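# Any chance you could fold what I've pasted below:
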Amino acid sequence: MAAGATAGWSGIGTTGRFLVASSDPVVRRRVLDAPEFSGREGMEVCGGAAALAKLREVTCDGVMLDRNLADLDAGEVAAMIQREHPDIEVLWIEAEGSEGRDEGEGRVTNGTKPKIVEWKTEREAPGQETLPGMIGTSAAMQEVYRLTRMVAKRDTTVLITGETGTGKELVAEAVHKLSPRVKQPFVVVNCAAIPEALLEAELFGHARGAFTGAVQSRLGKIHTAQGGTLFLDEIGELPLGMQAKLLRFLQSGEVQRLGSADLHRVDVRVICATNVNLSALVEAKQFRMDLYYRLEVFPIGLPSLQVREDDIEKLAGHFLGLLSEESGMPAKRLSEEAQVLLKRRAWPGNVRELQHAMERAFILSGEDELLEAKHFPRPAMEAAHREWVRRDVR
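You can find the predicted model right below:
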């Protein structure tokens with residue numbers, strides 16, 4: 001089928017379920033009510049981010065994607081869908097009779113009829129890629145994506161470093177999803193969240209009677225991850241005694257449950273993450289040197305949001321789309337002033353802080369379509385606001 005030709009349903013799978021993604025409720029309704037889709041199960045979402053989230057929850061044959069999304073670039077959304085769900089066909093929604101692809105062309109209005117056309121991969125920006133569950137096309141993130149894809153197919157131990165809130169667990173999940181172990185468990189252990197007295201039993205399991213209250217044997221997290229991936233978050237918080245036990249497991253591949261003399265061989269890939277400088281902990285004798293070198297086989301460093309200025313607007317749009325979908329409200333967008341404010345903020349809490357700021361602003365904006373500078377926290381953003389006003393006056 002040539003681009004620009006009306007697409008028939010016959011080219012979209014066999015289950016009869018499809019998703020319509022548009023920031024305009026009129027467009028969604030006109031597509032869902034189209035006679036060629038009669039008898040099919042249609043779902044609708046209000047933006048690109050909501051479409052990506054929906055496709056991780058349900059299965060469908062095709063996605064009808066509006067070229068003019070309010071939150072994310074439609075070409076990037078289409079490319080991400082194709083990468084994460086290669087069996088799903090992505091089709092464009094545009095106005096009947098429109099052949100152009102420039103911004104603003106092909107917009108469906110009350111006076112035009114929606115037309116479904118084939119999506120072509122040349123819409124994707126050359127040289128740019130993303131990972132499942134991750135947003136951003138900055139140069140810093142491109143390097144993260146490159147390293148992640150490079151190591152995913154191997155069983156090499158990975159050490160992910162970065163400030164709090166940069167998305168270390170997302171990278172670990174991406175490594176797992178891109179690996180041959182994808183159909184096996186992905187088990188997360190936060191080393192800082194478990195009391196030291198319970199950590200060994202949590203990781204390695206325990207035999208019946210190993211301690212007071214151990215009325216039955218229990219497998220540990222390492223054993224639970226059999227065949228899959230074990231993600232040890234905040235590895236820098238692991239007590240020295242447990243570091244020796246972890247090193248022994250990494251070297252032998254064997255697990256000994258607390259209170260038992262039996263050894264059990266386990267096939268697990270280990271990924272660790274930390275927001276502290278492990279080499280500094282080694283120098284301070286708070287982290288074992290031999291374990292450090294065992295873990296740092298393939299390091300991946302995540303950039304702070306402060307050096308990802310080009311990604312801030314995309315991330316903000318992603319969170320807005322999710323919030324709109326969750327609340328059932330029409331899609332919202334950022335004012336020009338708010339966009340500048342977000343880009344000028346330091347974001348010490350990184351992506352997580354941005355997500356929380358967007359949620360707060362979304363709530364404060366009420367029924368307004370635009371999120372303004374006044375909807376974001378102060379006084380943290382006052383300096384950036386004054387700078388924007390000063391430059392605007394010039």
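
# domains of the chain?
9-123, 139-301, 305-393 (automatic domain parsing).

# Run the chain-centre distance for the second one.
The offset between the C-alpha centroid of domain 139-301 and the centroid of the whole chain comes to 21 Å, using C-alpha atoms, centre = their mean, to the nearest Å.

# same check, this time on stretch 134-145
12 Å.

# on that earlier part again, including mean pLDDT, could the domains of the chain go into TSV?
Below are the domains of the chain laid out as TSV (pLDDT from 0 to 100):
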stretch	mean pLDDT
domain 9-123	70
domain 139-301	90
domain 305-393	83
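
# Take these and write them to TSV, including distance to Pro132 and mean neighbour count.
(Glycine included, C-beta is placed from N, CA and C.) Listed next are the domains of the chain as TSV, based on distance: least, C-beta to C-beta, whole Å; neighbours: other C-beta atoms under 10 Å:
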stretch	distance to Pro132	mean neighbour count
domain 9-123	5	18
domain 139-301	5	17
domain 305-393	14	17
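
# can you tell me which of these comes nearest to Leu131?
Evaluated over these, closeness to Leu131 peaks at domain 139-301, with 4.1 Å, by C-beta to C-beta.

# Dump the domains of the chain into CSV; add distance to Leu131 as well.
Supplementary listing: those in CSV, determined by distance: least, C-beta to C-beta, whole Å:
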stretch, distance to Leu131
domain 9-123, 9
domain 139-301, 4
domain 305-393, 13
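
# Could I get the phi/psi values of Leu295?
Dihedral pair for Leu295: phi -80, psi -30, per degrees, to the nearest 10.

# what does Asp233 give?
The phi/psi pair for Asp233 (degrees, to the nearest 10) reads phi -80, psi 150.

# cool, the one 5 residues further on as well?
The phi and psi torsions at Leu238 (degrees, to the nearest 10) take the values phi -70, psi 130.

# show me what contacts it?
191, 199, 232, 246 (C-beta atoms under 8 Å, 6 or more residues apart in numbering).

# Looking at those residues, which is nearest His356?
Each of the contacts of Leu238 was checked against His356 using C-beta to C-beta; the closest is Cys191, at 24.0 Å.

# coming back round to it: wait, which of the contacts of Leu238 is closest to Leu32?
Checking the contacts of Leu238 against Leu32 by C-beta to C-beta gives Leu232 as the nearest, at 45.8 Å.

# Can you list phi and psi of the residue nearest to that closest one when sequence neighbours are not counted for me?
Spatial nearest neighbour of Leu232, chain neighbours left out: Cys272 (4.6 Å); criterion: C-beta to C-beta, 6 or more residues apart in numbering. The phi and psi torsions at Cys272 (degrees, to the nearest 10) take the values phi -120, psi 160.

# any idea how far Leu250 is from Cys272?
Applying C-beta to C-beta, to the nearest Å, the value for Cys272 to Leu250 is 10 Å.

# joint contacts of these two?
Thr157.

# so where do the helices sit in this structure?
Using DSSP state H, the helices of the chain run over 25-32, 48-55, 74-84, 139-152, 168-177, 196-204, 221-224, 240-252, 278-283, 289-295, 309-327, 336-344, 350-364, 382-393.

# List the neighbours of the shortest one that are in contact with it.
With C-beta under 8 Å, 6+ apart as the contact definition, helix 221-224 has outside contacts at 185, 187, 189, 202-205, 230, 249, 255, 264, 266, 268.

# before we move on, back to that, what would the helices of the chain look like in JSON lines with distance to Arg17?
Output for those, formatted as JSON lines (distance: least, C-beta to C-beta, whole Å):
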{"stretch": "helix 25-32", "distance to Arg17": "12"}
{"stretch": "helix 48-55", "distance to Arg17": "11"}
{"stretch": "helix 74-84", "distance to Arg17": "15"}
{"stretch": "helix 139-152", "distance to Arg17": "30"}
{"stretch": "helix 168-177", "distance to Arg17": "23"}
{"stretch": "helix 196-204", "distance to Arg17": "41"}
{"stretch": "helix 221-224", "distance to Arg17": "33"}
{"stretch": "helix 240-252", "distance to Arg17": "44"}
{"stretch": "helix 278-283", "distance to Arg17": "47"}
{"stretch": "helix 289-295", "distance to Arg17": "44"}
{"stretch": "helix 309-327", "distance to Arg17": "18"}
{"stretch": "helix 336-344", "distance to Arg17": "36"}
{"stretch": "helix 350-364", "distance to Arg17": "29"}
{"stretch": "helix 382-393", "distance to Arg17": "45"}
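
# Of all these, which one is nearest Glu41?
With C-beta to C-beta as the criterion, Glu41 lies closest to helix 25-32 of these, at 10.2 Å.
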